[in-house]
Every structure is written in structure tokens, then in C-alpha cells.
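Novice: Predicted model, plus sequence, below.
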Amino acid sequence: MTDPRPDSEDTRHLLDRAAAGDADAANDLLARHRAGLRAFVDTHLDPAVRARVDPSDVVQDAQADLARDLPAYLSGRPVPFHLWARKAAYDRLRNARRDHRAAKRDVAREAAAPDRSSVLLARAVLDPGPSPSEAVVRQELVAGVAEAVEGLAAADREVLLMRHVDDLPYDEIGLLLGIDPAAARKRYGRALVRLERVLGDRGIHGVHG
């Protein structure tokens, strides 16, 4: 297993300054990672929840958590900051799902087409590189895979998104999911098998892990 990816030199410098009591450095640190957290939330926010929750609000809540807990984090720096920040955003995503689960069935009827995350995952798991003449066929294939992804269990979708769209190593996936890296690898493998089975039933092949 590889270790989680380290923070950039700029982030480490800001962490050192923040640990020394520089409030501006702490603010710069949060600002530097805001766009990355927004992209992560955009990918993982369920379409049903998105109808009622603004992704910007999720990011804002996550950053408030980070600001509050930053002194405790700086005392030990148990994981790279980028991963700690992403975990805060993921926890907020889970809270949003929990808080809006009762309304999810009604909202889901508003989403007739596959959501953005399903399309991103479909593009990521399909073998790349069609010729221009195959572009239309591939677009139809992506739509078919995205529809299949919509039918997966939430846990399967999450781990596949983290691996294929977020491009996270198993160490980081494990931390986000609260499991060890070996378990994360197994969960991903089982999710990929289930996706391949669903796609096979639709006559779709060519998915890569």
C-alpha cells in the first residue's frame, strides 16, 4: 500500500505559519482548498439531495468545521491537510443525505436523466479513445452506462467515483469511508464486479478497472 499523497510545498508552508499563530495563513489555507472541495462535493452530492441543498452550502459548512478544528489538527497533523479537508466535506455530504433522506423519493422523480456524477463515472470506466466516426456511438454508450450506474447501491457508486473520477488511492478512500485500505480495495472490486454484471445484462462491455 502507498501512503496518502503529501501536501504541496505551499500548503505545508501555510500550515507552518498557521501553527505559529498566523491567522492570515489559516484563511489562505482554507481559500486555497475551497475549489478542490467544491469539485469533490459537485461530484458526490446525490441528485435528489442537490435539488434541496446547494453544493456551496455544503462546502461552506465543511470549511467552518475546518476553521473550528484547525488548532487541534495542527497539534498533530495526523494526515495530509488536503485529505483531512476532503474528509470534512465528505462528512458534510453524509449529513446532507441523512437530513434529506425522507424527501429523497419525491425529489428523485424530478431527475429524469442520469446525474452528472453518473455520466462522469461512465466516461471514466469506459475504454478511452474512439475515433471521430465512433463519437456518436460512444455518446450513446456513455448514456447507457450512466443509466446503469444510477441503479447501483449508494456505497458502490461512492467507491467507484472515488477511484475513477476523484482518482484517489486506496489509502485515501479508506480514510474517507472509515475503513482500512485493504477493505477499500475489496469494496471497490466488489462494486466493479456488480457494475460489470449490470452492464453485461444490458449487452455493454469494455469497462476497465
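Specialist: Cool, got the structure.

Novice: Count residues in the vicinity of the closest residue to Leu66 other than its chain neighbours, would you?
Specialist: Leaving out its chain neighbours, the residue that sits closest to Leu66 by CB to CB, 6 or more residues apart in numbering is Ala88, at 5.3 Å. Glycine gets a C-beta too; all of them are placed from N, C-alpha and C. Using other CB atoms under 10 Å, Ala88 has 22 other residues around it.

Novice: Quick check: which element contains Ala88?
Specialist: Using DSSP states H and E, Ala88 sits within helix 81-99.

Novice: Repeat that for Ala39.
Specialist: With DSSP H and E as the criterion, Ala39 is inside helix 23-44.

Novice: ok now that helix, how far from the chain's centre?
Specialist: Offset of helix 23-44 from its chain centre (CA atoms, centre = their mean, to the nearest Å): 14 Å.

Novice: and it, what does it pack onto?
Specialist: When contacts are defined as 3 or more CB pairs under 8 Å, 6 or more residues apart in numbering; DSSP states H and E, helix 23-44 packs onto helix 9-19, helix 55-74, helix 81-99, helix 116-125, helix 154-164.

Novice: Least confident of those, on average?
Specialist: Note on the helices and strands packed on helix 23-44: helix 116-125 shows the lowest mean pLDDT, a mean of 82.

Novice: Please state the offset of it from the chain centre?
Specialist: With CA atoms, centre = their mean, you get 12 Å for helix 116-125.

Novice: what comes up buried for the next helix-or-strand element following that helix?
Specialist: Next helix or strand after helix 116-125 toward the C-terminus (DSSP H and E): helix 135-150. For helix 135-150, burial by neighbour count (16 or more other CB atoms under 10 Å) applies to Arg138, Leu141, Val142, Gly144, Val145, Ala146, Glu147, Ala148, Val149, Glu150.
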